[in-house]
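> Here's a sequence, model it:
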Amino acid sequence: MRVVSLVPSLTEAVAETAPGLLVGATDWCTHPAGLGAARVGGTKNPDVPGILALRPDLVVANEEENREPDLAALREAGTEVLVTTVRTLDEAFAELDRLLTGACGLPRPRWLDEAEAAWAALPPPSAPRRAVVPVWRKPWMVLGRDTFAGDLLARLGVTNVYADHAERYPRVPLDELNAAGADLVVLPDEPYRFTADDGPEAFPALPAALVDGRFLTWYGPSLVRAPAALRAALR
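Okay, here's the model as predicted:
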């Protein structure tokens, strides 16, 4: 089977489970290290003719990360496209199983069982803390409703202040973020690369938790280590 993945998380999932299947991946697919698949552009601007030239049996996509016109062009050329929807941890586990054991016909990988066990073993969260979770600045954008990262944080006892916002990634002025009644600010290093010197200074009254964006936003083998890593960062 020949698989092209347009989603970094799913690229890692396929490559860790059956590396021989993956013939194409995006420029943003950074894991696992040394990935030898052909590069086919970005998640938002894939090289459709380049993908078709790889003669894939399956193209793997995500409803949030990829654009429907690109996926439609692949379908019109006769390529099977599997589109995942991942807005909660449970959806992530279900979609990973659908991709790997269903679409790819692989045995269920051990890492997927380990990831489910790691999240199931989390102790009940203590008193919840309210957080703002920026994902971009200039302009400031934060997690809103129905996000995978927001669901992970909730399982760790962190309530997203903007979880009920009408938008999934609202733009909110910085003064409003600081006045939102949060107990802390959670700053991932992707898609915007927040660091100790770029981000915390904008929230002088709040403690800042710098987190690895891969553990917060990727759904794949990283989910095995994510609970422990995120708990440590949030402490």
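> Relative to its centre, which residue of the protein is most distant?
Ala205 (28.7 Å; C-alpha atoms, centre = their mean).
> mind listing what it touches?
Taking C-beta atoms under 8 Å, 6 or more residues apart in numbering as the criterion, Ala205 is in contact with Asn178. Every residue, glycine included, has its C-beta placed from N, CA and C.
> what helix or strand does it sit in?
Per DSSP states H and E: Ala205 is located in neither a helix nor a strand.
> What's the separation between it and Glu116?
38 Å (C-beta to C-beta, to the nearest Å).
> so how many other residues sit close to Glu176?
Glu176 has 12 neighbouring residues, counting by other C-beta atoms under 10 Å.
> Repeat that for Leu6.
30.
> and what of Val185?
25.
> Okay, strands next: where are they in the chain?
3-5, 22-25, 38-39, 58-62, 81-84, 129-132, 134-136, 141-142, 158-160, 184-188, 208-211 (DSSP state E).
> Looking at the ones you listed, which is nearest to Ala196?
Ala196 sits nearest to strand 208-211 of all the strands of the chain, at 6.3 Å, using C-beta to C-beta.
> just checking, what packs against the closest one?
With contacts defined as 3 or more C-beta pairs under 8 Å, 6 or more residues apart in numbering; DSSP states H and E, the packing partners of strand 208-211 are strand 184-188, helix 226-234.
> Now that strand: average pLDDT?
Averaging pLDDT along strand 208-211 gives 97.
> Identify each buried residue in it, please.
Neighbour counts over strand 208-211 (16 or more other C-beta atoms under 10 Å) mark 208-211 as buried.
> all helices of the protein, in order?
Here the chain has its helices, by DSSP state H, at 8-17, 48-53, 68-76, 89-97, 110-120, 148-155, 174-178, 213-217, 226-234.
> just to revisit the earlier point, would you mind giving the helices and strands packed on strand 208-211 as a markdown table with distance to Leu156 and mean pLDDT added?
Converted to a markdown table, the helices and strands packed on strand 208-211 look like this (distance: least, C-beta to C-beta, whole Å; pLDDT from 0 to 100):
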| stretch | distance to Leu156 | mean pLDDT |
| --- | --- | --- |
| strand 184-188 | 10 | 98 |
| helix 226-234 | 6 | 96 |
